[in-house]
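Undergrad: here is my input; please provide its structure:
(chains A and B)
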Amino acid sequence: MVFNSLTFIVFFAIVFALHRLPLPWTAKKFNLLIASYVFYAAWNPPFILLLWGSTIVDWYIARGIYASRDKSRAVRRSWLVISVAVNIGFIGFFKYGEFLLQNWQALMASFGIAYVPPAWDIVLPVGISFYTFVTMSYTLDVYLGRTKPIPKFLDYALFVTYFPHLVAGPIVRPTQLVPQFQTPRQATRDQVLWGLGLLILGLFQKVVIADAGLASAADAVFGAPGPVGFADAWLGTLAFSGQIFCDFAGYSTAAVGASLCLGFALPDNFRMPYAAIGFSDFWRRWHISLSTWLRDYLYIPLGGNRGSEARTYVNLMLTMLLGGLWHGANWTFVVWGGLHGLYLSVERWVRSRTGVAGDPAGAWNRLALALLTYFLVNITWVFFRSTTFEGAARVLSGMFGLAPAADPVLPTIYMIKVAAIVTGILVVQWLMRNASLEAVVARAPWWLTGLVAGAMLFTVIVAQGSGEAFIYFQF
Amino acid sequence: MKHVHEQDEVTVREIPAARLAAIGWLVVLLVLAGIGAWEWRMRTLGLTTRDLDDSRSHWAVERRKVGGAEDDGVVIIGSSRILWDTNLDVWEEMTGRRPIQLALPGTNPRQFLEEFANDPNFDGFLVVGVTPDIYFGDWPGIPQFSGLTKFWHDESPSQRFGHRVGMLLQPRLAFLDGAYALGTLVDRLPVRDREGVRGPVRDVWKIWDVGPDRQYALWSRIQTDERLREHARWVWGPFDGAKKPDEEVARAIEQSKRDVATIRAHGGDVAFVRAPSAGLYYEHELQAVPRANTWEPLLAETGAFGIHFDDYPAMRGLDVPEWSHLSRESAVRFTRAYVAVLQQRFPQLGKPRD
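TA: A predicted model of the protein is given here:
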């Protein structure tokens, strides 16, 4: 079920009404758990078994780890290995199975062995990368001693399955959400209103900006069969930069809003990422719940920056390469992650040599570095959006002026739309670089906020979204 | 001191210190006023609540009807012409049974012919609408309707439910029409395109309305509004008479031959119907997909029965306002004429109920 669908409106109205009934707290949580399973099953009912499998395995393994806390580290580690093996096994089979077979085939072919893999017709369960990371964070936190096992299975199952974050994040940690389930709570009137406001904002980003405003230009450029010229290549890539942000940040904002209406706070997942100055800043603003997950459960366990300088760079690259692969079973995603790893490494090296920490002095310097960061991010988006390296090379050639004889691709109206919308996104993000939405709304006249929110909801309705899935569902 | 990340703490969300209730009421008022004005405007443009927005889910509902009765009955596949030009009420009146309409705008029906051939349980009567420049080419069709042979199996419960809710809303709100969605209207703004680029202003605009059971008909404004009619004709421009490659035509006929034979072996049957076209579009078709190279070999190779509108006086001289689809009145006449021919040839299609 996607947020931008009529089904979700009906679903959410029922869930909200049930949650407001004067029922015991346990009954309310049970309702939410059932609703979350319905939310997931509404996409493909059999895959609910995977969700249950992941939930149950980590419930028992976390208890096993905690029960063996006084035993040897090897015992605890063996519990952890089982958890990681099961979770990575699920993802590996459903998400990377075909990819692994194809690469194995290519490897065999390089040795002159003609291996033909069996046909692979497995559907990727929606959101598997997200909920697997959620369950793994629980087990890992128990293993690392950051948290104790959750006493009640209902609280734990709801933490894993809670529908607002289930299929596309934010990837929550037990410490962030479980305590909220442990004590009765009801959203206040203002929480409900603000939650609805965030829901409207998220849907506006997805339905109006990403789908109606930018998707067609990005699709046209990245789907072009031949060379792409300079203007088309840049506008197509800029369109995708806006589309991927509004699609994913839109989902996260809607998720936060829906959850707030029910009285539960989810963390921010985006904070004006295109206003970032440098790449460590970018990753503090883009898909925050993933970047912090990778930091806490991959980069730091690998040694983080505690070893030699060379080891730190290796850790950075490994983390970003795997982070890239998390997004999809394609080497283009690995290159996307690798580029980010390279950018982070270069930035770290420059900062260590110059001794500059934090943002540079001077507004123009900051603006120039922010634009440089955005420029380099756009280079990475080419690999993220292209399904093949040939496709990526076509677009990159255009962006660097190496395809002067290319036929034009984009209609004028798409060019106008991309220029206007992307400029708008950049200006808004720059102006709100250090401000929260809540602070801006608190300062603005109430009628202006109402006017903007009303216009957003109106355009969402008349844009008549087709209920297309969010891009990140496939990851 | 150990640094505490926000991931290590219970999440708390700030609520802005603003007059949220007043903002909420203003939003409600604005949206109600805006939607009211938008609905009024769309109705003045000719949108009605009787017109349903066709969709993948809408098609899937019809597709799942095949095999739902004692036998598979009559199923229509094809591109937009057989879709617009067949009046299901007339068909039902003449044969006592309503066909299942599965034709799709801008889509090559050969993928569906193949699907029915691959279904050993299908023993129905298949009417295949032939729009020559689509049928005899490799182009599968517009992306909006791609993958439907898989979709109707895999459609999620959420999509099915959403379609039902949509069907409750559409008879009440005229503005719910994808052809007049905000994004579509913006894309149609008259700006000059670069040389060699075909912009969305040259997409097919609204030329249809849709009733229950996917009963398409030419939108009444196409008959009354010269600007829209001229735009629709202008859009057909790319079908400029360039001859369809022989190998594409050969592939189309070869596939049809195989699939028709398979369907017959399963107890079903197939008839091809070439609905009328007119004006410059018809002239282009004569050059690009000449009948002698396409239609005649199709019938000869498949051994199937075919109805070409040029061969029947009752099907000629009909009103084709934008050169490719019949007016409502002519669609009734065309249906009456071609169903009568089919009934004569295939008695199993039935007679009117008493």
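Undergrad: number of residues surrounding residue A:30?
TA: Residues lying near residue A:30 (other CB atoms under 10 Å in any protein chain shown) number 15. Yep, even glycine has a C-beta here, placed from its N, CA and C like the rest.
Undergrad: where does it land on pLDDT?
TA: Looking at residue A:30, its pLDDT is 96.
Undergrad: got the contact list for it?
TA: residue A:154 (CB atoms under 8 Å, 6 or more residues apart in numbering or on different chains).
Undergrad: tell me the first helix or strand C-terminal of the one helix or strand it maps to.
TA: Here residue A:30, judged by DSSP states H and E, is contained in helix A:25-41. Toward the C-terminus, helix A:25-41 is succeeded by helix A:48-67 as the next helix or strand (DSSP H and E).
Undergrad: quick one: buried residues of that next one?
TA: For helix A:48-67, a neighbour-count test (16 or more other CB atoms under 10 Å in any protein chain shown) marks A:48, A:50-51, A:54-59, A:61-66 as buried.
Undergrad: off-centre distance for the strand or helix carrying residue B:161?
TA: Taking DSSP H and E as the definition, residue B:161 sits inside helix B:157-169. Its chain's average C-alpha position is 19 Å from that of helix B:157-169, according to CA atoms, centre = their mean, to the nearest Å.
Undergrad: what angle sits between that helix and helix A:25-41?
TA: Angle, helix B:157-169 to helix A:25-41, by axes from the mean of the first three to the mean of the last three CA atoms, to 10 degrees: 90 degrees.
Undergrad: I would like the residues contacting helix B:157-169, please.
TA: For helix B:157-169, the external contacting residues (CB under 8 Å, 6+ apart) are A:1-2, A:5-10, A:41-43, A:45, A:467, B:52-53, B:55, B:57-58, B:60-61, B:176.
Undergrad: identify each buried residue in it, please.
TA: For helix B:157-169, the neighbour count (16+ other CB under 10 Å) marks B:158-159, B:161-163, B:166-167 as buried.
Undergrad: redo those residues as TSV? Include pLDDT.
TA: What follows is the buried residues of helix B:157-169, written out as TSV (pLDDT from 0 to 100):
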residue	pLDDT
B:158	90
B:159	90
B:161	92
B:162	90
B:163	90
B:166	89
B:167	90
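Undergrad: among those residues, which pair sits farthest apart?
TA: The span of the buried residues of helix B:157-169, defined through CB to CB, is set by B:158 and B:167 at 15.0 Å.
Undergrad: surely residue A:87 meets residue A:58?
TA: Yes. Proximity of residue A:87 to residue A:58 meets the contact threshold set by CB atoms under 8 Å, at 7.4 Å.
Undergrad: what touches both of those two?
TA: In contact with both residue A:87 and residue A:58: A:135-136, using CB under 8 Å, 6+ apart.
Undergrad: now the helix holding residue A:30: buried residues?
TA: In helix A:25-41, counting by 16+ other CB under 10 Å, buried: A:28-29, A:31-33, A:35-41.
Undergrad: could you do stretch B:229-245 as well?
TA: Within stretch B:229-245, the residues that count as buried by 16+ other CB under 10 Å are B:229, B:231-233, B:235-236, B:239, B:244.
Undergrad: is it up against chain A anywhere?
TA: No. With CB under 8 Å from any CB of the partner chain as the criterion, chain A is not reached by stretch B:229-245; the gap is at least 14.3 Å.
Undergrad: endpoints of that stretch, how far apart?
TA: Stretch B:229-245 has an end-to-end distance of 30 Å (CA to CA, to the nearest Å).
Undergrad: residues touching residue B:257, list them.
TA: Residues near residue B:257 by CB under 8 Å, 6+ apart: B:301-302.
Undergrad: gap between it and residue A:453?
TA: 60 Å (CB to CB, to the nearest Å).
Undergrad: before we move on, what about residue B:172?
TA: 25 Å.
Undergrad: give me the more crowded residue out of the two.
TA: residue A:453 (22 against 9).
Undergrad: report the angle between the worst-scoring helix or strand of chain A on mean pLDDT and helix A:48-67.
TA: Every helix and strand in chain A was compared by mean pLDDT, DSSP states H and E; the lowest is helix A:73-110, with a mean of 86. Angle of helix A:73-110 versus helix A:48-67, following the same axes, to 10 degrees, is 140 degrees.
Undergrad: between helix A:73-110 and the next helix or strand after helix A:73-110, find me the angle.
TA: Sequence-wise, the next helix or strand downstream of helix A:73-110 (DSSP H and E) is helix A:128-143. Helix A:128-143 and helix A:73-110 meet at an angle of 150 degrees, taking the same axes, to 10 degrees as the criterion.
Undergrad: does helix A:128-143 reach chain B?
TA: No. Using CB under 8 Å from any CB, helix A:128-143 never reaches chain B; the gap is at least 8.8 Å.
Undergrad: tell me the buried residues in the helix or strand containing residue A:397?
TA: Assigning secondary structure by DSSP H and E places residue A:397 in helix A:389-399. Neighbour-count burial for helix A:389-399, counted by 16+ other CB under 10 Å, picks out A:391-392, A:394-399.
Undergrad: chain neighbours aside, what residue packs nearest to the closest residue to chain B within the stretch 101-250 of chain A?
TA: Chain B sits closest to residue A:212 of the stretch 101-250 of chain A, with a gap of 3.1 Å, by CB to the nearest CB. Nearest non-adjacent residue to residue A:212, counting by CB to CB, 6 or more residues apart in numbering or on different chains: residue B:183, 3.1 Å away.
Undergrad: who does the host helix or strand of that neighbour touch, helix- and strand-wise?
TA: According to DSSP H and E, residue B:183 maps onto helix B:182-187. The contact analysis (3 or more CB pairs under 8 Å, 6 or more residues apart in numbering or on different chains; DSSP states H and E) places helix B:182-187 against helix A:412-431, helix A:446-463.
Undergrad: of those, flag the one that's most buried.
TA: Comparing those by mean neighbour count (mean count of other CB atoms under 10 Å in any protein chain shown), helix A:446-463 ranks first with a mean of 20.
Undergrad: so how far is it from its chain's centroid?
TA: Chain-centre distance of helix A:446-463: 26 Å, with CA atoms, centre = their mean.
Undergrad: counting by contacts, list what it packs against.
TA: If you count contacts as 3+ CB pairs under 8 Å, 6+ apart, helix A:446-463 packs onto helix A:189-203, helix B:20-44, helix B:182-187.
Undergrad: could you redo the last one with a cut-off of 10 Å?
TA: Where contact means 3 or more CB pairs under 10 Å, 6 or more residues apart in numbering or on different chains; DSSP states H and E, helix A:446-463 is packed against helix A:189-203, helix A:437-443, helix B:20-44, helix B:182-187.
Undergrad: contacting residues for residue 281?
TA: All of this is about chain A. For residue A:281, the contact set (CB atoms under 10 Å, 6 or more residues apart in numbering or on different chains) comprises A:271, A:273, A:275, A:347, A:358-359, A:369-370, A:373, A:433.
Undergrad: actually, chain B is the one I wanted.
TA: B:133, B:233, B:236-237, B:239, B:241, B:320, B:322-324.
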